[in-house]
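Peer 1: Here is a sequence together with a model predicted from it:
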Amino acid sequence: MTRVAPTRQVATFCPLCVSRCGATATLRDGAFVALGPDPAHPTGRALCVKGKAAPELVNHPERLLHPLARTNPKGAADPGWRRIGWDEALDTVATRLRALARDHGPESVVFGSASPSTSAMSDAVDWVMRLKRAFGSPNLCVSMELCGWGRYLASIYTYGDSVPGVYMPDLDRAGAILFWGYNPSIARLVHATSTVAALERGARLVVVDPRRAGLASKAHHWLRVRPGTDAALALALTHVMIERGWYDEHFVRRWTNAPLLVREDTGRFLRGSETASEIGSQIGSEVGEDPDHLVAWDEADGAPVGYDPTRGRYAADEDRLALFGARRVRTTDGPVICRPAFDLVAEQCRAMEPSVAEAITTVPAADIEATARTLWEARPLAFYTWSGLEQQSGTTQIIRAVNQLYALSGCLDAPGGNVAFPAVPTNPIGGAALLSRAQRAKALGVEHRPLGPARFEFVTGEDFFTAAIEGRPYRARGFVNFGSNLVMAHGDSARGRDALRALDFVVHADMFMSPTAEQADIVLPVTSAFEATALRVGFEVSEDAQSLVQLREPLAPARGEARSDLQIIFDLAVRLGLGEHFFDGDVEAAFRHQLEPSGVSLEQLRAEPAGVRVPLVTRHRKYAEPVDGIPRGFATPTRKVELYSEVLLEHGYPPLAEFSEPGVSPRSRPDLADRFPLILSCAKSLWFCESQNRNMASLRKGAPDPQVELNPRTAAARGIATGDWVRIATPHGDVRARAKLRSTLDPQVVFGQHGWWQACDELGLPGYPPFGPGSANLNLVLRQEPSDPVSGSSPLRASVCEVSRL
Ligand code: SF4
């Protein structure tokens, strides 16, 4: 009689990307054999192909199973890997890192992590930050400038917080949904399933994307923007909304800095202390001589009125504040023309009428008008952005322009808008107090981009590579890397390789060998997420999701000698003498500490693999709540949403959102246009997380070859048919890919893919050299410059190329 293997279903979640989909694992005879969706979980309506392939990932024959030490010099064709034990590996790492800190300062060691949005590093990235800080280094390289600056940091200069990011789109209540440079079907599946549900109940969807991908085919408005010109489109939409009166005037007056007067002569806000004394007395006793008090214009009185940013109060009713018009104000410097910030916004946008924007963006003016109407009439409006806006030479201005557009809707933190959902209380674990201010000030890149990622302890790939190769501003000498495939992720891959080779010491923790791991001195084997324990407090996308605390327990025993990233961090901390900050290496004790304020115990979580809910109540429009009698406002210098940013102005950047042509385009570089007439962008594949997974047969079957998408007319003009191998040539070299024809693409635009290097032996499909002839590594022929002046974001999504048959 055939024995039926006993099966067991275990509630869990997939952490392979930011969606963190709720899932049910099937264990047969104790072996992890399948992962499926768990519709009862707030993120579990569906799983993607990568999540479903989890057992294949766990059992893959190419997994790294033992610590390895290099025996041949860097640059040798064969690194001469020697198997070593964990004690030798950790002792070597700790000894080398301590020596670097002693001889060159802890800042000479850069820490790295794969993106927590496209890998399982969300399990451990906060602990990497803590380790870095406890070690004394201000430098963490998580490629923030490629995928997270816009969502998490750039909007701080508008809202004082991450919008979107901390403020998530309330898709369950939204009337209009705006996805800009964001394809949730690939990037965050839970947003895709929620959007489909929203469409079924009648929500309107606007997608801005050069490709008609994912939900763009279901959108009421799909705006096919020319890559990199998104700011022009946002300004044009804003212009239409201002012209038609389609903006929330109440919100704009009270909660943005739109009414504040800007001096025409300096571009700065007019201060109360700058007004002539008789005027100063008119603008309210609260204003007086305080140099921080600002000034608006009271239309009813025809006079200036003071604004105290520390109290968030005007000395007159906000309804009386002028939003438009120039005023001649008597100041201590004589008469000065001043205008409300909103008047300057309107003027800036007026220069980008839809017909002008059409010539720049290729989006028809009529579509811009119609979209603006939808955004207004179907509100509440919720929005999200992603990598399409990140890898641009003008990322910060693009984000500012989209932020400004969104602010006018008045939907921030309103039901159906972008809402800061509450969080289950926990003890913070990032260790912010462990790094001194003096060390923080040494972050690489802070001297030439003081408002950029370095301000928040994130080093860009380019600044890291410069410090490693050129020793500017000081030499980076060590790298502690948790899974980041930097060489493949960043433009100019050969420079990335050379930078890693120039370092004194590199330790790399990963599941598989990679072009980045190959540059290491020590390689540490990491478990897959499904062999590791991880604690997840909140799933971000809604109040319901935020209320869930879940402990993901191993579904399979660790293979070989692999350890989880988390355990490696804790073990390394102990060897470095930092055990006091890492619970003496006890990960479980760390979880208990983290959970303490939540009232949830590890025992409860173990008993409830599907997670424990902590009731939360969402409060809306928190900016209006009084705190000690003063409205909370926003965490900006003016305590308002900053349509006009004096912070940016003071650092030499435009204070108003503006458009500039992408740094490398047929228009900005006419000298290249003859040889490279096409606009080259790139997009992620559904089948792979960035540069991972191409060695997995079930995934590679779906996308066997590197691909470049062209309009059929573009292809025909070059004698290219679908499936042909082609050469993608840029000013920096060429790589290969197979042509795929896509009639919805602009004929001038082509889309490649990054991340191709791995072979898939099971299918007999080849790998491609990351460098040199025969490469399919798109980033090999792209560059990190010209980058965004604020953030250092690289222009990987808007460049130039020519495509020809091989
Ligand atoms: S979208 Fe796919 S890879 Fe990402 S968490 Fe969900 S199942 Fe995992």
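Peer 2: Perfect, I can see it now.

Peer 1: What segments of the stretch 351-500 of the chain are helices?
Peer 2: 354-361, 365-377, 395-409, 437-440, 461-470, 486-489, 493-502 (DSSP state H, counting those that start in this stretch).

Peer 1: Identify whichever of those helices lies nearest to residue 665.
Peer 2: Closest of the helices of the stretch 351-500 of the chain to residue 665 is helix 354-361, at 10.5 Å (criterion: Cβ to Cβ). Every C-beta, even on glycine, is put in place using the N, C-alpha and C of the backbone.

Peer 1: Convert that closest one to PDB, retaining C-alpha atoms only.
Peer 2: Extracted C-alpha coordinates of helix 354-361, given in PDB (Å, rounded to 0.1, in the frame of the first residue of the first chain):
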ATOM      1  CA  PRO A 354      -0.100  71.300 -20.900                       C
ATOM      2  CA  SER A 355       0.900  72.200 -24.400                       C
ATOM      3  CA  VAL A 356       4.400  73.000 -23.200                       C
ATOM      4  CA  ALA A 357       4.500  69.800 -21.100                       C
ATOM      5  CA  GLU A 358       3.300  67.800 -24.100                       C
ATOM      6  CA  ALA A 359       6.300  68.900 -26.100                       C
ATOM      7  CA  ILE A 360       8.600  67.800 -23.200                       C
ATOM      8  CA  THR A 361       7.000  64.700 -21.900                       C
END
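
Peer 1: As TSV, the helices of the stretch 351-500 of the chain with mean pLDDT and distance to the ligand would be great.
Peer 2: Formatted as TSV, these follow (pLDDT from 0 to 100; distance: least, Cβ to the nearest ligand atom, whole Å):
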stretch	mean pLDDT	distance to the ligand
helix 354-361	98	30
helix 365-377	98	28
helix 395-409	98	24
helix 437-440	98	33
helix 461-470	97	24
helix 486-489	96	18
helix 493-502	97	25
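
Peer 1: Just name the most buried of those helices.
Peer 2: Highest mean neighbour count among the helices of the stretch 351-500 of the chain (mean count of other Cβ atoms under 10 Å): helix 395-409, with a mean of 28.

Peer 1: list the helices and strands it packs on?
Peer 2: Judged by 3 or more Cβ pairs under 8 Å, 6 or more residues apart in numbering; DSSP states H and E, helix 395-409 is in contact with helix 156-159, helix 230-244, helix 249-255, helix 365-377, strand 381-385.

Peer 1: Am I right that residue 654 is in contact with residue 397?
Peer 2: Yes - the pair residue 654 / residue 397 is scored as a contact, 6.9 Å apart, by Cβ atoms under 8 Å.

Peer 1: so what pLDDT did the closest residue to residue 539 other than its chain neighbours get?
Peer 2: Distances taken as Cβ to Cβ, 6 or more residues apart in numbering put residue 545 closest to residue 539, at 3.7 Å, once the chain neighbours are dropped. Predicted confidence (pLDDT) for residue 545: 98.

Peer 1: Residue 280 now?
Peer 2: So, for residue 280, pLDDT stands at 53.

Peer 1: same thing with residue 144?
Peer 2: Predicted confidence (pLDDT) for residue 144: 85.

Peer 1: burial count for it?
Peer 2: Residue 144 has 27 neighbours, counted by other Cβ atoms under 10 Å.

Peer 1: pretty sure it contacts residue 458?
Peer 2: Yes - in this structure residue 144 lies within contact range of residue 458 using Cβ under 8 Å: 4.4 Å.

Peer 1: hmm, back to that, and the helices and strands packed on helix 395-409: which comes nearest residue 291?
Peer 2: Across these, residue 291 has its closest neighbour in helix 156-159 (22.0 Å, Cβ to Cβ).

Peer 1: Could you list the buried residues of the closest one?
Peer 2: For helix 156-159, a neighbour-count test (16 or more other Cβ atoms under 10 Å) marks 156, 157, 158, 159 as buried.

Peer 1: export the helices and strands packed on helix 395-409 to JSON lines and tack on distance to residue 315?
Peer 2: Output for those, formatted as JSON lines (distance: least, Cβ to Cβ, whole Å):
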{"stretch": "helix 156-159", "distance to residue 315": "25"}
{"stretch": "helix 230-244", "distance to residue 315": "27"}
{"stretch": "helix 249-255", "distance to residue 315": "14"}
{"stretch": "helix 365-377", "distance to residue 315": "32"}
{"stretch": "strand 381-385", "distance to residue 315": "32"}
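
Peer 1: Domain-wise, how is the protein divided?
Peer 2: 7-58, 68-144+425-613, 150-247+347-419, 670-785 (automatic domain parsing).

Peer 1: what's the most buried one of these?
Peer 2: For the domains of the chain, the largest average neighbour count (mean count of other Cβ under 10 Å) is found in domain 150-247+347-419, namely a mean of 23.

Peer 1: Mind telling me which residue of the stretch 101-250 of the chain is nearest the ligand?
Peer 2: The minimum distance from the stretch 101-250 of the chain to the ligand, using Cβ to the nearest ligand atom, falls at residue 189 (3.7 Å).

Peer 1: Skipping adjacent residues, who's closest to that residue in space?
Peer 2: Closest to residue 189 by Cβ to Cβ, 6+ apart is residue 19, at 4.5 Å.

Peer 1: By mean pLDDT, point me to the weakest helix or strand of this structure.
Peer 2: Least confident helix or strand, the chain: helix 277-282 with a mean of 54, by mean pLDDT, DSSP states H and E.

Peer 1: any idea whether the residue nearest to residue 189 is helix, strand or coil?
Peer 2: Three-state secondary structure (criterion: DSSP: H, G, I helix; E, B strand; the rest coil) places residue 19 in coil.
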